[in-house]
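J.: Following is a predicted model, sequence given first.
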Amino acid sequence: MKRGIIFDLDGTLWDSSEEVAISWQAALDEHFDIEKPITAEMIQGVMGKSMYEISDILFSEFAMKDRREMLAYCCKKENEHIRSHGGILVEGLEETLQQLRDCGYHLSIVSNCQAGYIEAFLEYHKLEKYFDDFECFGRTGREKGRNIRMVVERNSLDRAVYVGDVQGDYYAAEEAGIPFIHAENGYGTIQAEVPAITDLARLPQVVEEIFNEQ
């Protein structure tokens, strides 16, 4: 039986908000004739939303065409910056990933980010060897629930669980038809009774309990 663990990225596996804010501020300052402060707190507040939702929130005072143009350039600069600066990994991440691999789990990432962002995360922190697949809004144009289902189906997973940190992640897992685990160390809270972890080292045990109940 093939069992998989699918992870959200931001707030679940790492915190890149400071570096993302730096890259977006630089992009706006160098390419657009506007005064628009971008802070890590602002980035944290929109983590988990799709790219277009983020631009509509952060650039709400601008016309739609301008929002999309700013979004595209900021995302381009963000990928370049993340590839050379990385982010802050959740404590014990690599050790937990190795433990999960040793247990035979298929590991993947599904995020609402732009194309190239997951690759930048993997490349900077040299974590490619732990993950079998990944998908994102920027590559498919699909919402997170559909991308989770796509990963489950194309990897022929008999059982799967999604690990995320915000309410939207819970809804996406529900849409995909798989159980959800809340990473409480992340950016959000969940308005539902779900299994939760405050320490990533607890994940192997919680995942095993969920699969044993199915």
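T.: Now that the structure is in, tell me what you want to look at.
J.: so who does the residue lying closest to Val20 once chain neighbours are set aside touch?
T.: Counting by CB to CB, 6 or more residues apart in numbering, Val20 lies nearest to Ile43, which is 4.9 Å off, once chain neighbours are set aside. For glycine as for every other residue, the C-beta is placed from the backbone atoms N, C-alpha and C. Ile43 makes contact with Ser17, Val20, Ala21, Trp24 under the criterion CB atoms under 8 Å, 6 or more residues apart in numbering.
J.: If I look at the third one, what pLDDT would I see?
T.: Among the per-residue scores, Ala21 shows a pLDDT of 97.
J.: just checking, it touches Met47?
T.: No - using CB atoms under 8 Å as the test, Ala21 is too far from Met47 to be in contact (11.4 Å).
J.: What residue spans form the domains of this protein?
T.: According to automatic domain parsing, the chain comprises the domains 3-15+89-213, 17-85.
J.: Pick the most buried one from the ones you listed.
T.: domain 3-15+89-213 (a mean of 19; mean count of other CB atoms under 10 Å).
J.: how far does it stretch from start to finish?
T.: End-to-end distance of domain 3-15+89-213: 14 Å, with CA to CA, to the nearest Å as the criterion.
J.: from here on, count from 565
T.: Let's use 565 as the start, then, which means that last one is domain 567-579+653-777.
J.: same question for it, mean pLDDT?
T.: 96.
J.: Would you confirm that Val770 contacts Thr762?
T.: No - using CB under 8 Å, Val770 is not in contact with Thr762; the gap is 10.9 Å.
J.: pretty sure Gly568 is in a strand, no?
T.: Yes - the assignment for Gly568 is a strand, going by DSSP: H, G, I helix; E, B strand; the rest coil.
J.: Could you verify my assumption that it touches Val727?
T.: No - assessed by CB under 8 Å, Gly568 is found out of contact with Val727, at 11.0 Å.
J.: Which element, helix or strand, includes Gln663?
T.: Assigned by DSSP states H and E, Gln663 belongs to helix 657-666.
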